[in-house]
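Student: sequence first, then the predicted structure:
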Amino acid sequence: AQSVTQLDSQVPVFEEAPVELRCNYSSSVSVYLFWYVQYPNQGLQLLLKYLSGSTLVKGINGFEAEFNKSQTSFHLRKPSVHISDTAEYFCAVSGYTGKLIFGQGTTLQVKP
Amino acid sequence: GAVVSQHPSRVICKSGTSVKIECRSLDFQATTMFWYRQFPKQSLMLMATSNEGSKATYEQGVEKDKFLINHASLTLSTLTVTSAHPEDSSFYICSAPEGGKGTEAFFGQGTRLTVV
């Protein structure tokens, strides 16, 4: 079975500061890892994904994440956040079927 | 990227009535689609896997007689909430993996269902 734990339910941060949203996963098989962003009353937008290869993955809007197999982590980072980054962020894992298991979500609150 | 269209985006219905939500893959074929439910301030929970040409697979705790899923073609899956009650009010989102693989899932815009 697969599971995802997002370690922070809320992360407040000031504009232009760096941010890290933490994600740990558990799986007995190889998985794909994803980060999605959700704005209020909207669907999900893919930020980035790790399938294989380089463990440092760069995504849209200046986000990046690092896959760490030994620590079973896939933390999301951004060196300088903007007000517009305020949203809900979900880490997810899937196998080969495309069925996604989501973490609980992290609310990123960017303050001016 | 591929596009998945979900309709309607919002629906309000009376308690006891049924509501149908459509999920279409616009530029690719999807033999499998997934339906998720999201309660306010919560994560997305997988409800069921919709399989083209065969029965849907429901996750534990999801009532298959209440949430009817039909995957009649390679581009369309529907979720019907039957005899809706206020506790069914939620945000429903569908997704489809392009190529049937897990390398990327494309999401619909979601449907906000309010049962009054």
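Tutor: Structure received.
Student: what residues does chain A put near chain B?
Tutor: A:32, A:34, A:36, A:41-44, A:46, A:49, A:51, A:90, A:94-105 (CB under 8 Å from any CB of the partner chain). For every residue, glycine as well, the C-beta is placed using N, CA and C.
Student: quick one, which of those residues are buried?
Tutor: A:32, A:34, A:36, A:42-44, A:46, A:49, A:90, A:94-95, A:98-103, A:105 (16 or more other CB atoms under 10 Å in any protein chain shown).
Student: next step: the residues you listed restricted to strands.
Tutor: Applying DSSP state E to these, the entries found in strands are A:32, A:34, A:36, A:44, A:46, A:49, A:90, A:94, A:100, A:101, A:102.
Student: roughly how far apart are the closest residue to chain B within chain A and residue B:52?
Tutor: In chain A, the residue that lies nearest chain B is residue A:98 (2.7 Å; CB to the nearest CB). Going from residue A:98 to residue B:52 by CB to CB, to the nearest Å gives 13 Å.
Student: now the common contact residues for the two.
Tutor: residue B:32 (CB atoms under 8 Å, 6 or more residues apart in numbering or on different chains).
Student: do a quick rundown of the helices in chain A.
Tutor: Counting by DSSP state H, no segments of chain A form helices.
Student: center of chain A, which residue is that?
Tutor: residue A:35 (3.5 Å; CA atoms, centre = their mean).
Student: how about the contacts made by the closest residue in space to it that isn't next to it in sequence?
Tutor: In this structure, residue A:35 finds its nearest non-sequential neighbour in residue A:47, 4.4 Å apart by CB to CB, 6 or more residues apart in numbering or on different chains. Residues in contact with residue A:47 (CB under 8 Å, 6+ apart) are A:34, A:35, A:36, A:37, A:59, A:60, A:61, A:63, A:76, A:89.
Student: closest point of chain B to chain A, which residue?
Tutor: Of all residues in chain B, residue B:97 sits closest to chain A, at 2.7 Å by CB to the nearest CB.
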